[in-house]
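1. mind looking at a prediction? Sequence and model below.
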Amino acid sequence: MKIGLTGTMSVGKTTLVNALKELEQFKDYQTATERSKYLSNLGIPLNTDSTLPGQFVFMAERASELLQENIITDRKVYDVCAFTFSAKSIEFSQKEIFVKASIPLTKMYDIIFYVSPEGVELEDNGVRTTDPDYRMKIDMVIQAMLNEYPPNRLIKISGTTEERIQQIKEALSL
């Protein structure tokens, strides 16, 4: 099963993936978590400075994750498309082409969990932006994309990490 957690930055997706991989139910799953610091160190611009080549690198990572049999990932095609649409340096026509080419990959996820930013403080990890307006913009774009290009199965989750784990287990009937 291919499980994706989507949502804006600093909502606890990586924390949740790391917690899930410790559970017996997910022992046979590969996990993929944020690599922003690594990619930033390679010189790939992030956040509002994203470039088209940089977004292709991010999308290549998402596509490679989808080649796995059982995976839980905290970065999805929806996220990359949202950051692409929000990038200042990418022309709108290029954004449209990028998203149109990428969206078919969303059907490869068996289930997408949307992680709400509601009640979650914006944290500084030293790489991502801490601009609350940009955070909300990304969230709005992700939600719009989920509506326009619905995944096979979408579950909205919120609350503490423990509450979110329980919601995931219930959705997967574990």
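-> Okay, I see it.
2. how about the contacts made by F113?
-> 3-6, 154-157, 164, 167-168, 171 (Cβ atoms under 8 Å, 6 or more residues apart in numbering). (Each C-beta comes from the backbone N, C-alpha and C, glycine too.)
3. can you say which of these are buried?
-> Buried subset of the contacts of F113 (neighbour count, 16 or more other Cβ atoms under 10 Å): 3-6, 157, 164, 167-168.
4. returning to what we had before: narrow the contacts of F113 to those in helices?
-> By the criterion of DSSP state H, membership of the contacts of F113 in helices covers 164, 167-168, 171.
5. okay, and for the chain, where does confidence drop off?
-> 34-48, 125-129, 174 (pLDDT under 70).
6. okay, which residue of it is out on the far edge from center?
-> Seen from the C-alpha centroid of the chain, the residue lying at the greatest distance (Cα atoms, centre = their mean) is E24, 23.6 Å away.
7. list the contacts for the nearest residue to I3 once chain neighbours are set aside?
-> Distances taken as Cβ to Cβ, 6 or more residues apart in numbering place I72 nearest to I3, at 4.6 Å, with adjacent residues excluded. By Cβ under 8 Å, 6+ apart, the contact set of I72 is 3-5, 17, 20-21, 26, 29-32.
8. ends of stretch 150-157, how far apart?
-> 16 Å (Cα to Cα, to the nearest Å).
9. if we can go back for a sec, could the buried ones among the contacts of F113 be laid out in CSV, adding distance to S50?
-> As requested, the buried ones among the contacts of F113 are exported to CSV (distance: Cβ to Cβ, whole Å):
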residue, distance to S50
I3, 25
G4, 20
L5, 20
T6, 17
I157, 26
R164, 27
Q167, 31
I168, 29
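10. which member of those residues is positioned nearest S89?
-> Nearest to S89, judged by Cβ to Cβ, of the buried ones among the contacts of F113 is T6 at 23.5 Å.
11. what's opposite that closest one in the beta bridge?
-> T6 has these beta-bridge partners by DSSP bridges: Y114.
12. how far away is it from S116?
-> Distance check for T6 against S116: by Cβ to Cβ, to the nearest Å, it reads 11 Å.
13. now do the SS call for the spatially closest residue to E123 that is not a sequence neighbour.
-> Nearest residue to E123 in three dimensions, chain neighbours excluded: S10, at 4.9 Å (Cβ to Cβ, 6+ apart). With DSSP: H, G, I helix; E, B strand; the rest coil as the basis, S10 sits in coil.
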